[in-house]
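Engineer: Predicted structure and sequence below. I'll ask about it afterward.
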Amino acid sequence: MKSAKMMLLSRVLAAIFGGYALTSGVAVLLSSVLPLSRGEAVQTAVMTAFVTYTCAAIWVFSVHDVRRAWLGMLLPAILCGGLGMLLARGGA
């Protein structure tokens with residue numbers, strides 16, 4: 001059985017680093033798909049990132065399983081970031 005302190009530490013790390021990764025992925029995706037000028041799209045994506053990070057940190061502590069918290073941060077981060085980079089380069 002894992003100690004409660006280690007599980008809490010894992011959630012804190014998931015909120016900090018996983019939330020950052022998710023926020024970065026969402027910002028990359030939004031900046032490449034928003035129908036605005038490049039500067040406005042980036043600015044809107046960055047402002048949206050504050051809300052995304054806050055919701056991600058709250059979500060990490062609301063799920064019952066630590067593994068689900070990590071997967072819920074990293075999988076969407078990889079998908080959003082990858083898709084955003086692909087769209088930004090004109091690959092799709």
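Structural biologist: The structure has been received and is ready for your questions.
Engineer: so where do the helices sit in this protein?
Structural biologist: Using DSSP state H, the helices found in the chain span residues 4-13, 19-33, 38-62, 66-88.
Engineer: Spatially, and excluding backbone neighbours, which residue is closest to the most centrally placed residue in the chain.
Structural biologist: Nearest to the mean C-alpha position of the chain, by CA atoms, centre = their mean, lies L22 at 1.1 Å. Nearest non-adjacent residue to L22, counting by CB to CB, 6 or more residues apart in numbering: A77, 4.2 Å away. For every residue, glycine as well, the C-beta is placed using N, CA and C.
Engineer: That neighbour contacts G18, doesn't it?
Structural biologist: Yes: with contact defined as CB atoms under 8 Å, A77 and G18 form a contacting pair (7.1 Å).
Engineer: Tell me the spacing between A49 and L8.
Structural biologist: Using CB to CB, to the nearest Å, we find A49 at a distance of 25 Å from L8.
Engineer: of the two, who's got more company?
Structural biologist: For A49 and L8, the more surrounded residue by other CB atoms under 10 Å is A49, and the numbers stand at 20 against 12.
Engineer: Show me the shaky parts of this protein.
Structural biologist: Along the chain, the model assigns pLDDT under 70 to residues 1, 91-92.
Engineer: okay, the helices of the chain, which one's buried deepest?
Structural biologist: helix 19-33 (a mean of 21; mean count of other CB atoms under 10 Å).
Engineer: which other residues reach that one?
Structural biologist: Where contact means CB atoms under 8 Å, 6 or more residues apart in numbering, the residues beyond helix 19-33 that reach it are 38, 41-42, 44-46, 48-49, 52-53, 56-57, 60, 73-74, 76-85, 87-88.
Engineer: now do 7 Å
Structural biologist: Contact partners of helix 19-33, identified using CB atoms under 7 Å, 6 or more residues apart in numbering, comprise 41-42, 44-46, 48-49, 52-53, 56-57, 73-74, 76-78, 80-81, 83-85, 87-88.
Engineer: Can you show me the CA trace of it as PDB?
Structural biologist: Coordinates of the C-alpha atoms in helix 19-33 are reproduced here as PDB (Å, rounded to 0.1, in the frame of the first residue of the first chain):
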ATOM      1  CA  GLY A  19      -1.000  20.900 -15.700                       C
ATOM      2  CA  TYR A  20       1.800  22.900 -17.300                       C
ATOM      3  CA  ALA A  21       2.100  20.300 -20.100                       C
ATOM      4  CA  LEU A  22      -1.600  20.300 -20.700                       C
ATOM      5  CA  THR A  23      -1.800  24.100 -20.700                       C
ATOM      6  CA  SER A  24       1.100  24.300 -23.200                       C
ATOM      7  CA  GLY A  25      -0.600  21.800 -25.500                       C
ATOM      8  CA  VAL A  26      -3.900  23.600 -25.400                       C
ATOM      9  CA  ALA A  27      -2.200  27.000 -26.000                       C
ATOM     10  CA  VAL A  28      -0.400  25.500 -29.100                       C
ATOM     11  CA  LEU A  29      -3.600  24.000 -30.400                       C
ATOM     12  CA  LEU A  30      -5.700  27.100 -29.900                       C
ATOM     13  CA  SER A  31      -3.100  29.400 -31.400                       C
ATOM     14  CA  SER A  32      -3.100  27.400 -34.500                       C
ATOM     15  CA  VAL A  33      -6.800  26.900 -35.000                       C
END
